[in-house]
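Pasting the sequence and the predicted model now:
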Amino acid sequence: DTAVSQTPKYLVTQMGNDKSIKCEQNLGHDTMYWYKQDSKKFLKIMFSYNNKELIINETVPNRFSPKSPDKAHLNLHINSLELGDSAVYFCASSHRQGDVYGYTFGSGTRLTVV
Amino acid sequence: DQQVKQNSPSLSVQEGRISILNCDYTNSMFDYFLWYKKYPAEGPTFLISISSIKDKNEDGRFTVFLNKSAKHLSLHIVPSQPGDSAVYFCAAVNSGGSNYKLTFGKGTLLTVNP
């Protein structure tokens, strides 16, 4: 029973392609997040949704578009992939906005753009 | 702009000894601090946290110390066990802010040798 599941775990694709990463949580949490861990190892927030509503949108290229069909899902679509998009992307969820110690992370999706 | 810094990329200790992982922050608005532990190919998992109104929080073998004036916190693990070998991320948040994003450091790889 994976609490926060991401698919795929690994993704290798060519520059210019469009790809999606899916995230689902079965914890009943209201808030979901996408984090990116780049080559410098920092974990940086990209987006946050609370009950399907976008609440955090960091300085991320608009080639990245999150979509939340319901509060249990937060997918990440990336258009026109670039080499610099190669990173590990982590989905996370928390019970409510502000529940800072209740983040549950998925196991990550390693994206490699060639 | 590294608001949370973990200046030691790695640390190696002997089983049974104390492990001390350090973290510094620059944003004085941060008032809640967390440590996450990450095994390879897994997402970070919450370990322990501390509010800025405290200077110490203890949970079993894990103790976090906070020195607000120095903007410094540390995680002590005693006694260290081989299963503690992982990457440890320090994170901070301004819980009074309009959003609740965690700001992470780059992590410290702890290796506990049998």
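Great, that's in hand. Numbers count the residues shown, from 1 in each chain, chains lettered A, B, ... in the order given.

How about A:V12: what's its closest non-neighbour residue?
In this structure, A:V12 finds its nearest non-sequential neighbour in A:T112, 4.6 Å apart by Cβ to Cβ, 6 or more residues apart in numbering or on different chains. Glycine gets a C-beta too; all of them are placed from N, C-alpha and C.

Give me the pLDDT for residue 109.
All of this is about chain A. At A:T109 the predicted local confidence, pLDDT, stands at 97.

that answer is for a different chain, and I need it for chain B
According to the model, B:L109 scores 97 on pLDDT.

what's the helix or strand for the residue nearest to A:V12?
Taking DSSP states H and E as the definition, A:T112 sits inside strand A:109-113.

Can I get that strand as CSV, trimmed to CA atoms?
The C-alpha atoms that make up strand A:109-113 are tabulated as CSV, following Å, rounded to 0.1, in the frame of the first residue of the first chain:
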residue,chain,number,x,y,z
THR,A,109,10.6,9.9,-10.9
ARG,A,110,14.0,10.2,-12.5
LEU,A,111,13.7,12.1,-15.7
THR,A,112,16.6,12.0,-18.2
VAL,A,113,16.4,14.1,-21.3
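
Now that strand: buried residues?
A:109-111, A:113 (16 or more other Cβ atoms under 10 Å in any protein chain shown).

Please list the residues outside it that contact it.
Where contact means Cβ atoms under 8 Å, 6 or more residues apart in numbering or on different chains, the residues beyond strand A:109-113 that reach it are A:6-15, A:19, A:21, A:78, A:81-90.

Go through those and flag which are in strands.
Per DSSP state E, strands hold the following members of the contacts of strand A:109-113: A:6-7, A:10-13, A:19, A:21, A:78, A:87-90.

So which residue is smack in the middle of chain A?
For chain A, the residue sitting closest to the mean C-alpha position, by Cα atoms, centre = their mean, is A:W34 at 3.1 Å.

Check it and give its pLDDT.
pLDDT, read off for A:W34, is 94.

same check, this time on A:T104
For A:T104, the pLDDT comes out at 91.

Quick check, it in contact with A:G28.
No. With contact defined as Cβ atoms under 8 Å, A:T104 does not count as touching A:G28 (11.1 Å).

These two - which one has more neighbours?
A direct count of neighbours by other Cβ atoms under 10 Å in any protein chain shown for A:T104 and A:G28 places A:T104 higher, at 19 against 9.

Could you find the closest non-adjacent residue to B:P44?
That would be B:Y36: by Cβ to Cβ, 6+ apart, it lies 3.8 Å from B:P44.

what's near enough to touch the one you found?
A:105, B:44-47, B:88-89, B:91, B:104.
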